[in-house]
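S.K.: could you work out the structure for the sequence below:
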Amino acid sequence: MWNAFASGEPVDLGGADGDEPATVRAEVIAALLRGVRPPEPGQAPGLLLRRARITGVLDLTYAQVTAPARLEECRFDGEPDLTCASTRGLAFASCELPGFSGRLLRVEGNLDLRRSVVRGRLSLIRATITGELRLHGARLLNPDGWALFAGGLTVESAVFGAYPLREASPEHPPLVVEGGVRLAGARLLGGVFLGGAQVRNPGKVAISGENLTVFGRMVCDKGFTAEGHLSLPHARVDGELSFADAVLTDADAEISLNNAKVDDLNLRAAAPIASLVDLRHARCNVIRDDPATWPARVALDGLAYDAIDAPDRGPDVAGRMGWLRRDVHGYRPQPYEQLAALYRRLGDDADARRVLLEKQRRRRRELRAPSRMLGRLLDWTVGYGYRPWRAALWLIVMLAVGTAVFSAWPPAAVTTGRRFDAVMYTFDLLLPISAFGLREAFIPVGSTRWLAYGLTAAGWLLATALLAGITRALRRD
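M.R.: I've put the predicted structure just below:
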């Protein structure tokens, strides 16, 4: 290995099948990477080591490593320490490590951990990777803490936890994480691809991404499984955040996207989402969902969106209002206003009015008894101003009843020279102010007086409800 380093030739220290691999001291590797052997003219130095057992601690703290290093199928006895190091491309492929310390590490190129097993914390706090972070088929095992601790990480290309365009198979196993993944404040400039990944941290936070920024796609699809809370408050995804065909049936797999900004949010999971989806004060250009997999509980207050896309044109307005009724915080006016605004943008004013009418009915349940009674009156008469034609129906019904009664039992004339007309008389009673003077010219007799009083009172109530409802509707629209 010492001699091969100068030319970058590969060194394989594996023995015959079943034999123990040769042992290499970590300080020897560290010395080579720190430049103990100066490069020879015309040679490109590099470390390519296969199937070795590495004893001791690979200490590269603050090192300036100019030669690429690739270790494959190696087993480390100690946790490599690359705190504040600067390296070229760095690979620990199919290795076994008790942990990895890369705080403030800078990698000019890719950091490759494909198929490796890390039995401890993989720490990349505020690290910078100018290429890709490759975690295809890796197993990050730290069930009592953070398996990947990468707050403030910057990856200028993509983070890969899945083989692109390939289904999980023995040849292409998924990323498995036992413990939490912390990406708070990370900047991932080429996207995150976690299709088929399995993140298990039951009862705790599976993925923590407060203030995470992703330029491109954050893909948690194709059988992605989470046991634990997916916490992404104040995250920003300039592209698609997809849970399409994900398995989120764990009761602890709550998705928190409050105050997040996502261009395209896909919630079409493989099965109904078992836990809460918190979208309070989030901003999405498009939400893609499916009524068949709607979560049982949502939090929607403050959510803003420009469009909703659902299979087969999605549910009708009644079904979409059922989505709003799943809000764990009960009645909130903003989700109804937002949905009505969407229907108005689509040119469907009738459905927009249905949503706003339902908003008033939900609000009525929160009021005190007198206000609830007034609300019911407004609903029965004019539908809170969104059904003004109901006033005409009530008017026709009362006009028909009054006409029939007063035709059979005409009132007594107070003055002479006026011809009695049952229709006009009833209509005059229904108006808040007498327009035809028939109310003063004829006085009902007997039990018809109570009908006249009732028609007058009903006219006042109908006029009041009509004005209040229309004013309410105009003020909100």
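
S.K.: where along the stretch 301-450 of the chain do the helices fall?
M.R.: Assigned by DSSP state H, counting those that start in this stretch, the stretch 301-450 of the chain shows helices spanning 317-324, 333-345, 349-364, 369-382, 389-408, 422-430, 438-441, 448-476.

S.K.: again with the stretch 51-200 of the chain
M.R.: Under DSSP H, counting those that start in this stretch, the stretch 51-200 of the chain gives no helices.

S.K.: where does pLDDT dip in it?
M.R.: Scanning the stretch 51-200 of the chain with the threshold set as pLDDT under 70 gives 164-170.

S.K.: what's the domain layout of this protein?
M.R.: If you go by automatic domain parsing, the domain ranges for the chain are 53-364, 371-476.

S.K.: point out the most buried one among those domains.
M.R.: Among the domains of the chain, domain 53-364 has the highest mean neighbour count (mean count of other CB atoms under 10 Å), at a mean of 20. (Glycine included, C-beta is placed from N, CA and C.)

S.K.: what's the distance between the spatially closest residue to W409 that is not a sequence neighbour and T426?
M.R.: Using CB to CB, 6 or more residues apart in numbering and skipping the chain neighbours, the partner closest in space to W409 is T448 (5.1 Å). Here T448 is placed at a distance of 11 Å from T426 (CB to CB, to the nearest Å).

S.K.: E358 too?
M.R.: For E358 relative to T426 (CB to CB), the value is 35 Å.

S.K.: next one: S275
M.R.: 60 Å.

S.K.: before we move on, back to that, would you list the domains of the chain in CSV and tack on distance to A30?
M.R.: Formatted as CSV, the domains of the chain follow (distance: least, CB to CB, whole Å):
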stretch, distance to A30
domain 53-364, 5
domain 371-476, 70
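
S.K.: so which of those gets nearest N3?
M.R.: Nearest to N3, of all the domains of the chain, is domain 53-364, at 14.5 Å by CB to CB.

S.K.: any chance of TSV for the helices of the stretch 301-450 of the chain, columns mean pLDDT and distance to G131?
M.R.: As requested, the helices of the stretch 301-450 of the chain are exported to TSV (pLDDT from 0 to 100; distance: least, CB to CB, whole Å):
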stretch	mean pLDDT	distance to G131
helix 317-324	90	42
helix 333-345	92	41
helix 349-364	85	49
helix 369-382	73	62
helix 389-408	82	66
helix 422-430	84	80
helix 438-441	78	89
helix 448-476	72	53
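
S.K.: take those helices and lay them out in JSON lines including distance to K204.
M.R.: Compiled in JSON lines, the helices of the stretch 301-450 of the chain are given as follows (distance: least, CB to CB, whole Å):
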{"stretch": "helix 317-324", "distance to K204": "29"}
{"stretch": "helix 333-345", "distance to K204": "30"}
{"stretch": "helix 349-364", "distance to K204": "35"}
{"stretch": "helix 369-382", "distance to K204": "44"}
{"stretch": "helix 389-408", "distance to K204": "54"}
{"stretch": "helix 422-430", "distance to K204": "67"}
{"stretch": "helix 438-441", "distance to K204": "75"}
{"stretch": "helix 448-476", "distance to K204": "43"}
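
S.K.: point out where the stretch 201-350 of the chain drops to low pLDDT.
M.R.: 313-314.

S.K.: what sits against G102?
M.R.: L82, T83, A85, L111, L122, S123, L124, I125, A127 (CB atoms under 8 Å, 6 or more residues apart in numbering).

S.K.: excluding chain neighbours, what is closest to S101?
M.R.: Per CB to CB, 6+ apart, closest to S101 is D81, 4.6 Å.

S.K.: these two touch, right, the one you found and Y62?
M.R.: No: applying CB atoms under 8 Å, one finds D81 not in contact with Y62, separated by 10.2 Å.

S.K.: which stretch among the helices of the stretch 301-450 of the chain approaches L48 most closely?
M.R.: Between the helices of the stretch 301-450 of the chain, helix 317-324 lies closest to L48; by CB to CB that is 55.5 Å.

S.K.: check contacts around the nearest residue to V355 once chain neighbours are set aside.
M.R.: Leaving aside its sequence neighbours, V355 sits nearest to A340 (CB to CB, 6+ apart; 4.2 Å). By CB under 8 Å, 6+ apart, A340 lies in contact with A352, R353, V355, L356, K359.

S.K.: could these go into a markdown table alongside distance to V286?
M.R.: Converted to a markdown table, these look like this (distance: CB to CB, whole Å):
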| residue | distance to V286 |
| --- | --- |
| A352 | 19 |
| R353 | 24 |
| V355 | 19 |
| L356 | 23 |
| K359 | 23 |
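
S.K.: A269: which of those is nearest?
M.R.: For these, the nearest to A269 is V355 (25.6 Å; CB to CB).

S.K.: just list the residues touching that closest one, thanks.
M.R.: Contacts of V355 by CB under 8 Å, 6+ apart are V317, R320, M321, Y336, L339, A340, Y343.

S.K.: thought the fourth one was touching L324?
M.R.: Yes: counting by CB under 8 Å, a contact exists between Y336 and L324, whose distance comes to 6.4 Å.

S.K.: between the two, what contacts are shared?
M.R.: Between them, Y336 and L324 share no contacting residue, judged by CB under 8 Å, 6+ apart.

S.K.: hang on, isn't F442 packed against R418?
M.R.: Yes: counting by CB under 8 Å, F442 does reach R418; the two are 7.4 Å apart.

S.K.: what's the nearest residue to T415 if we skip its chain neighbours?
M.R.: A441 (5.3 Å).

S.K.: next one: I273
M.R.: P295 (3.8 Å).

S.K.: element containing the one you found?
M.R.: Under the criterion DSSP states H and E, no helix or strand holds P295.

S.K.: what about it, distance to M218?
M.R.: Counting by CB to CB - P295 and M218 are separated by 19 Å.

S.K.: same thing with A138?
M.R.: Distance from A138 to M218, by CB to CB: 18 Å.

S.K.: just T23 next, same as before
M.R.: Distance from T23 to M218, by CB to CB: 42 Å.

S.K.: and K204, which of the three is it?
M.R.: With DSSP: H, G, I helix; E, B strand; the rest coil as the basis, K204 sits in strand.

S.K.: may I ask you to confirm that it is in contact with L230?
M.R.: No: using CB under 8 Å as the test, K204 is too far from L230 to be in contact (11.5 Å).

S.K.: contacting residues for S275?
M.R.: Counted by CB under 8 Å, 6+ apart, S275 has contacts L248, D250, A251, D252, A253, E254, I255, P295, R297.
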